[in-house]
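K.L.:
Prediction below, plus the sequence it came from.
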Amino acid sequence: MTNTSVELCGIKLDNPVIPASGTFGFGYEFAELYDINCLGSFSFKGTTGEPRFGNDTPRIAECPSGMLNSVGLQNPGVDAVIAEELPKLAKVFSKPVMANISGFSVDEYRTVTKKLAESESASMIGWFEINISCPNVHGGGMSFGTDPAMASEVVRAVREVTDKPLIIKLTPNVTDICEMAKACEAAGADGISLINTLMGMRIDIKSKRPVLANVTGGYSGPAVLPVALRMVYQVSKAVGIPVAGMGGIASAEDVIEMMMAGATAVEVGAANLVDPFASKKIIEQLPQTMAKYGITSLSEIIGAAH
Ligand SMILES: Cc1cc2nc3c(=O)[nH]c(=O)nc-3n(C[C@H](O)[C@H](O)[C@H](O)COP(=O)(O)O)c2cc1C
């Protein structure tokens, strides 16, 4: 028998596979395709204080082994998430969910988290995943994730309004990822998730113009796996809190590799956009893949490569 369960910040997951924010909507959309209770959990679409329509199109560009997106945090706003999205999710998902929060000011992070923490749907939320790493918006997002002092300020502000585990999502677009992770831990974070997308761009040779209306976008998918593994390895050595690892995960083998790098749980992003069944298939492949490598318990391989 293989044991796929793990514990993330005190909450037990049947398996470590968590669809990543922005690639799984509010979950119920995928529940039309399969029973999403097979997931470890999932992280819902980055939620802000006000509704956002996102960036102009085109905002997706395909690349070999990955994709560029500049969606720009399109979401209905926290009030509609509480009133409409989470009640729909409650009908189809019975496990703790990861609430992904974004903001353009420290106060916005605090207000959005507080509203969710005090809402009728609060009991559905297992963790808050605070995204201080979105590369596709101006004046917020990633600017909090590239300055340790600003990151600490966000963590402290959000810490004041909830006792639930706080997982801070970091951007890879920094020189020293460990410095950022340590600052978040010192400010009261319970966990770190990484990586968000890497900033990139493409140019249309015929028109001589950037492909994305936003000019730049976030690169993710299989090509970024080695970068993500390196950062998860470094951060999990540098801090004493658990790490949720993501970036390019597309198979059960990738999950195992990411956990050996030091991840306690693993998030799956772009793969869900290529195949909506990707996360389910990865979960189904886990037991046989573990058996192939002589692994009986996934929790025992966390950080095995250290
Ligand atoms: C279309 C798209 C939208 C995304 N939106 C969000 C978001 O709202 N909040 C967030 O924290 N990350 C967002 N991300 C980043 C992913 O959650 C993940 O960190 C990143 O894509 C790396 O994983 P991957 O290589 O498996 O895609 C988005 C990614 C994509 C591709």
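P.N.:
That came through, no problem. Residues are numbered from 1 along each chain as shown.
K.L.:
sec struct for residue 108, please.
P.N.:
Under DSSP: H, G, I helix; E, B strand; the rest coil, the three-state class of residue 108 is helix.
K.L.:
Tell me the confidence at it?
P.N.:
The score at residue 108 is 95. That number is its pLDDT.
K.L.:
Then residue 133?
P.N.:
The model's pLDDT for residue 133 equals 82.
K.L.:
what about it, which SS state?
P.N.:
Applying three-state DSSP: residue 133 is coil.
K.L.:
who's in contact with it?
P.N.:
Neighbouring residues of residue 133 by C-beta atoms under 8 Å, 6 or more residues apart in numbering: 141, 142, 145, 169, 170, 171, 173, 194, 195, 196. Placement of C-beta: from N, CA and C, glycine included.
K.L.:
Give me the pLDDT value at the first one.
P.N.:
What the model reports as pLDDT for residue 141 is 58.
K.L.:
again with residue 138
P.N.:
For residue 138, the predicted pLDDT is 63.
K.L.:
Repeat that for residue 25.
P.N.:
pLDDT, residue 25: 97.
K.L.:
can you check residue 1 too?
P.N.:
For residue 1, pLDDT reads 81.
K.L.:
what do you get for residue 30?
P.N.:
97.
K.L.:
The one 10 residues further on now?
P.N.:
According to the prediction, residue 40 has pLDDT 98.
K.L.:
Can you tell me the SS state at it?
P.N.:
coil.
K.L.:
Which residues are in contact with it?
P.N.:
6, 13, 14, 15, 16, 17, 18, 95, 265, 283.
K.L.:
let's see 10 Å
P.N.:
Counting by C-beta atoms under 10 Å, 6 or more residues apart in numbering, residue 40 touches 4-6, 8, 11-19, 95-96, 98, 244, 265-267, 279, 283.
K.L.:
Which ones among those map onto helices?
P.N.:
279, 283 (DSSP state H).
K.L.:
Buried ones among the contacts of residue 40?
P.N.:
4, 6, 8, 11, 13-19, 95-96, 98, 244, 265-267, 279, 283 (16 or more other C-beta atoms under 10 Å).
K.L.:
Would you mind listing what in the protein touches the ligand?
P.N.:
20-23, 45-46, 69, 71, 73, 100, 131, 169, 196-197, 220-221, 224, 246-249, 268-271 (C-beta under 6 Å from any ligand atom).
K.L.:
let's see it at 5 Å
P.N.:
20-22, 46, 69, 71, 131, 196-197, 220, 246-248, 269-270 (C-beta under 5 Å from any ligand atom).
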